[in-house]
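# with the sequence up front, the predicted model follows.
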Amino acid sequence: MRADRLKRITVEEGKCGGRPCIRGYRLRVSDLLELLANGASVEEILTDYEFLEHEDIYAAMEYAAHQLDHIVLQVS
């Protein structure tokens with residue numbers, strides 16, 4: 001995990017319901033990941049959101065991976 005990359009993910013009270021965003025912009029990490037999951041290419045996203053940089057996309061993916069890296073307990 002690169003701490004410098006994760007600094008691109010911000011959480012601010014009152015912005016996007018306190019959800020993680022990209023560099024203080026009103027673009028949530030989940031929005032960016034949904035674009036990728038629905039087939040948008042990195043280049044398409046960078047064209048549509050001119051304020052974004054390649055590192056922002058990598059940061060969103062790394063943030064999501066880090067958030068999901070925990071033990072899941074299953075109750076049977």
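Good, I have the coordinates.

# C-alpha from now on. contacts and neighbour counts both.
Noted.

# how far does stretch 12-19 stretch from one end to the other?
8 Å (CA to CA, to the nearest Å).

# my error: substitute stretch 37-47 in the last question.
The separation between the terminal residues of stretch 37-47, taken as CA to CA, is 17 Å.

# ok now that stretch, how far from the chain's centre?
Taking CA atoms, centre = their mean, to the nearest Å, one finds stretch 37-47 lying 13 Å from the centre of the chain it belongs to.

# show me what the longest helix seen in the chain packs onto, helices and strands only.
Counting residues, the longest helix in the chain under DSSP state H turns out to be helix 54-68. Using 3 or more CA pairs under 8 Å, 6 or more residues apart in numbering; DSSP states H and E as the contact criterion, the neighbours of helix 54-68 among helices and strands are helix 3-6, strand 9-10, helix 29-37, helix 42-48.

# can you list the buried residues in that helix?
By neighbour count on 16 or more other CA atoms under 10 Å, the buried set for helix 54-68 is 56-57, 59-63.

# what's that helix in contact with?
Contacts with helix 54-68, where a contact means CA atoms under 8 Å, 6 or more residues apart in numbering, come from 1, 5-6, 8-9, 22-23, 29, 32-33, 42, 46.

# circling back to that earlier point, mean neighbour count, the helices and strands packed on helix 54-68: which tops it?
Highest mean neighbour count among the helices and strands packed on helix 54-68 (mean count of other CA atoms under 10 Å): strand 9-10, with a mean of 18.
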